[in-house]
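> predicted coordinates and the sequence they were generated for:
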Number of protein chains: 4
Amino acid sequence: MKQKIGFLGLGIMGGAMAANIHRAGYPLMVYNRTAAKSEPLAEMGAGVASDPRHLAQATEIVIAMVTGPEALDSFLWGPAGAAAAFNEKKTFINMSSVSPRYTREMAARLAPTGVSFIDAPVSGTKKPAEEGSLVILAGGAQDKIKELEPLLLTMGKKVIYCGDVGRGSMMKMFINLLLGIMMAGFAECLNFGRLGGLDFEAMLDTVASGAMNAPMFQVKAGNLRDKNYPPAFPLKHLAKDAKFVVDTAYESGAPAPMGQMLLHLYRLGVAQGWGDEDISAIAKAFEHLSPATA
Amino acid sequence: MKQKIGFLGLGIMGGAMAANIHRAGYPLMVYNRTAAKSEPLAEMGAGVASDPRHLAQATEIVIAMVTGPEALDSFLWGPAGAAAAFNEKKTFINMSSVSPRYTREMAARLAPTGVSFIDAPVSGTKKPAEEGSLVILAGGAQDKIKELEPLLLTMGKKVIYCGDVGRGSMMKMFINLLLGIMMAGFAECLNFGRLGGLDFEAMLDTVASGAMNAPMFQVKAGNLRDKNYPPAFPLKHLAKDAKFVVDTAYESGAPAPMGQMLLHLYRLGVAQGWGDEDISAIAKAFEHLSPATA
Amino acid sequence: MKQKIGFLGLGIMGGAMAANIHRAGYPLMVYNRTAAKSEPLAEMGAGVASDPRHLAQATEIVIAMVTGPEALDSFLWGPAGAAAAFNEKKTFINMSSVSPRYTREMAARLAPTGVSFIDAPVSGTKKPAEEGSLVILAGGAQDKIKELEPLLLTMGKKVIYCGDVGRGSMMKMFINLLLGIMMAGFAECLNFGRLGGLDFEAMLDTVASGAMNAPMFQVKAGNLRDKNYPPAFPLKHLAKDAKFVVDTAYESGAPAPMGQMLLHLYRLGVAQGWGDEDISAIAKAFEHLSPATA
Amino acid sequence: MKQKIGFLGLGIMGGAMAANIHRAGYPLMVYNRTAAKSEPLAEMGAGVASDPRHLAQATEIVIAMVTGPEALDSFLWGPAGAAAAFNEKKTFINMSSVSPRYTREMAARLAPTGVSFIDAPVSGTKKPAEEGSLVILAGGAQDKIKELEPLLLTMGKKVIYCGDVGRGSMMKMFINLLLGIMMAGFAECLNFGRLGGLDFEAMLDTVASGAMNAPMFQVKAGNLRDKNYPPAFPLKHLAKDAKFVVDTAYESGAPAPMGQMLLHLYRLGVAQGWGDEDISAIAKAFEHLSPATA
């Protein structure tokens, strides 16, 4: 008998993830601030909660996939917040991207309710969310994560155990730091090559033929070729992640020269008004800084 | 009937490349400053020239794979230099890594001899050189490069046409800039994660499971795990490449913030005495800058 | 008739500032967590409060000069906190260095008490504090600041009106950003010159003779010459200020490439264990990154 | 009896310096590629040479103040170049800004002529050149520099002995690195403050009141206030100096993170077309990278 799942937050990612849970046969109830986004799930047969507390009362496992700390605070502790319905029989899985520090504070605040708390952000964007091929970065009690694996694998292809609560968020920052470096690095290299007279396709071909070839380069190359950046992962979110990285590095003493460079570059992209475009729009920053006539 | 090949420079890369030419059945003559390095080739049946000019006189196509401009200058225009034996019937292929600027100057200096000059550095290090799976980045007359393809493919798996003479070197800088960014970025991320309490293997697993996975990460991970950096590509060479990048970016006006960061980091690695270790030894720079007790 | 002043926080800076207020003839009561630090003031004739609330009850103007937000939170809202004794007849002047964001939050939290709140951090370190020659960067109601000027000028040589509450802290960050850049820049230049064979005194002489000569260079030169860094302004405080700058720049969208470089450098200094030395100890970071034999 | 002086290069700096030599009563002959620039000196009574060799033949001490290595190469070794007229009785003083490396190469190339070679770039721009208040950074034989001091002091207020030939240029790079850092730092701070709501004059006042106050800030403030950047020191020259710094730091192993940041920023300024404006136009780079609406 499958557990009853409550899903909070039905944006691009959350909507696709909830749909995959439903398809796998779990009884599902959803909630989203903008009610219209619940409709596709309701049409598939999911229940729709009137508020977060109602959702938490009616289900055994609550999953959140929202935009950040403000939304989480509101869902958990705002009016009709879910936390008031949590108890030792229930499980709360936060899959939203937040900082390790916020995650640890959230864990401390949830502790008195007795709820099992799992920190499980994901690596992967829109397409893997739709295909159920996300990589799930889980922090918390290892046996509990093991127990939840069948559920998590309806959304992802793999669960990576990262350590205690907060380590899932830490791993997410680790991988997004690498993403940010590779995206900005790719853009810098292509612009450098362009100004040196190289052909775009020849550069791509060189990357594709060697040890630096990563799937993301082929995925993002189309945007850079067409100078069109439909958001798979909005640039402003990576700017936010870069800030988390710099904050976390400040606390741990980790040298993060490239992370700081990213914060500068992606924040500059937001300041130029490109925050809602894809992270690959960072290519525009390099053009913006190049000689006009080149 | 295969052309007679002369090969100058039998280091780690050159020795392996010359051996592959020989294995493919081309008549081969070699020359190396340190004569001992010619022995393995001689044992395979290659001829050994007494000096670069002798090599150029006795062959139709001269290939150079040396450490940089000084060695090239010496081989071409030093005592018993090869350039004096060049003429319109001969071809000179420089596969050594040099700057685009030096390449263009070399082309101008060679022009009066009438020799066909091809600029063909490679992407790939020791193992691909041995396996004949390098990627060859060729600049020069396109029909000439087409004609040389069978020869080049004895050393590599692919020839990428990059444009005029100098563009091969430019492409090499492009790809080595990406290499340098990804290597330093990987090291920064792993150190950041370490100080945040993450497990090395879990980090690797996360990288391997997502869109950022590039073959080089798996190749270099062993060095970082073992803190042992046997040189496949010496760090000092990447420091030199980073300097070429910064010089070239200065001339073209290309913004190169990450390239400059690399110059800083890899040069720092050389200053610390790690120049002869592998580029993955850049990981030590991040540890060097981290809190001692972490 | 001079107003009764309460002074919270008697560290290096606060002790000297309180002494100057006393010398100027204001009735003074003090409080410090570590009671021993109140003794010199008590010997001069100042009253000693038993707790912050007592101090606020017994005086008309409360001044705080503490190490940061935690200390302020505790003094104002902790057990026997001062805020409970504030009312519309009283004035609270925060001279501690905190972020503009914290200052605005503090203002909002104090508003219900009716207290007049002035944000007045200082530019200058130990010596100017002792000599009463600080520069006071005041934010808040302009007429109130005008009214307080005689009091403020017992501690400083000048009051600069910076705008609304929070702008004093913003100005402090502005000037400390410049301080951090000039200190790190000076250290980088001297190390660069040293490795280029220049004599330390000749470099100083060159700086002193031209348009870049700033008093701080002469003040700090002795530390760099002697490689001894007694704290006038602890390096860890500048690391903290650099973090405030990066946080504030992130919010406003201000490009802060040099600010981010500072955060990297000074944080690295803290990680190396130099946090309690003077900011001029940043010179050690440049040596730490230099070739050993040079 | 004063020595006969030959002066090569009559730009903004050179013209003013030559005039000061003449006013001090030295017999003076001048040469400039664009002949019109010799006229003001001719009207003052200076001789005008027909070419650099003529100048060197007719005088005892030749001073060059030109734009860089190309001009120096041409004046010394081009058609009718001065070097052919040098001998052990003559002295050549290069006051142009060039790299230490170029200076050492020039010294080696001049050695066979027997000429006494002094490396003496200056700190200071247009106004100090006119007022004879430059700081002269001299490298070469110390007794020779002592002997030349009266001549040098017609152009400057001070001669700083920097060491062997090449050290004058090294000192010039040292001081221009500091200049570049302070100029860019000032611009970053003012833009950061502006976006944080601070008033321009209040910021200036804060700088002027504290230990960071350097004459250059007051000198450049007017340009930043008016957003008008008439060239006292063209931005493109500082970009060139930053490149010299990065090149020199690469060779010596000196960490130069701020120097590299400068290269990025000033080169970006040149790429944007501001190369002929004053270095203070770097302020535009910070605005260019800021949110449009702020």
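Thanks, I have it.
> only C-alpha atoms from now on, for both contacts and neighbour counts.
OK.
> can you give me phi and psi for the residue nearest to residue A:51 when sequence neighbours are not counted?
Distances taken as C-alpha to C-alpha, 6 or more residues apart in numbering or on different chains place residue A:80 nearest to residue A:51, at 6.3 Å, with adjacent residues excluded. Main-chain dihedrals, residue A:80, degrees, to the nearest 10: phi 50, psi 40.
> and the gap between residue A:80 and residue A:29?
16 Å (C-alpha to C-alpha, to the nearest Å).
> which one's more surrounded, these two?
Comparing residue A:80 with residue A:29 by other C-alpha atoms under 10 Å in any protein chain shown, the one with more neighbours is residue A:29, at 26 against 17.
> so which elements touch the strand or helix carrying the more buried one?
Secondary structure assigned from DSSP states H and E places residue A:29 in strand A:28-31. Here strand A:28-31 touches strand A:5-8, helix A:12-23, strand A:47-48, helix A:52-58, going by 3 or more C-alpha pairs under 8 Å, 6 or more residues apart in numbering or on different chains; DSSP states H and E.
> out of these, deepest packed?
strand A:5-8 (a mean of 27; mean count of other C-alpha atoms under 10 Å in any protein chain shown).
> chain center to that one: distance?
Centroid separation between strand A:5-8 and its chain, computed with C-alpha atoms, centre = their mean, to the nearest Å, is 17 Å.
> partner strands of it, parallel or antiparallel?
Sheet partners assigned to strand A:5-8 using DSSP bridges are listed as strand A:28-31 (parallel), strand A:61-64 (parallel).
> break chain A down into its domains, please.
Structural domains assigned to chain A are A:5-163, A:170-288, following automatic domain parsing.
> closest to residue D:233 out of those domains?
domain A:170-288 (25.6 Å; C-alpha to C-alpha).
> start and end of the closest one, how far apart?
33 Å.
> now the residue in chain A that chain B sits nearest to: how far from residue B:211?
Nearest residue of chain A to chain B (C-alpha to the nearest C-alpha) works out as residue A:214 at 4.3 Å. From residue A:214 across to residue B:211, the span is 6 Å (C-alpha to C-alpha).
> cool, residue A:53 as well?
37 Å.
> cool, and residue A:181?
Residue A:181 is 13 Å from residue B:211, by C-alpha to C-alpha.
> cool, and residue A:192?
Remark: distance between residue A:192 and residue B:211 (C-alpha to C-alpha) = 23 Å.
> so which of the two has more stuff around it?
Neighbour comparison, residue A:192 and residue B:211: the larger count goes to residue A:192, with 28 against 18 (by other C-alpha under 10 Å).
> OK, contacts around the nearest residue in space to that one that is not next to it in sequence?
Ranked by C-alpha to C-alpha, 6+ apart and with sequence neighbours excluded, the top spatial neighbour of residue A:192 is residue B:254, at 5.4 Å. Applying C-alpha atoms under 8 Å, 6 or more residues apart in numbering or on different chains to residue B:254 gives the contacts A:191-192, A:195, A:286, A:289-291.
> repeat the analysis, applying 10 Å as the threshold.
A:188-189, A:191-196, A:286-287, A:289-291, A:294, B:245-246, B:248, D:264, D:267-268, D:271 (C-alpha atoms under 10 Å, 6 or more residues apart in numbering or on different chains).
> again, but for residue A:96
Here residue A:96 is in contact with A:9, A:13-14, A:63-69, A:71-72, A:119-122, A:169 (C-alpha under 10 Å, 6+ apart).
> over to residue A:125?
Contacts of residue A:125 (C-alpha under 10 Å, 6+ apart): A:12-13, A:133-135, A:231-234, B:211.
> still on that earlier bit, hey, which of the strands paired with strand A:5-8 is tucked in deepest?
Of all the strands paired with strand A:5-8, strand A:28-31 carries the top mean neighbour count, a mean of 26, counting by mean count of other C-alpha under 10 Å.
> so how far is residue A:42 from the residue of the stretch 51-200 of chain A found nearest chain C?
The stretch 51-200 of chain A approaches chain C most closely through residue A:99 (15.0 Å), counting by C-alpha to the nearest C-alpha. Relative to residue A:42, residue A:99 is positioned 32 Å away (C-alpha to C-alpha).
> alright, I will stop here.
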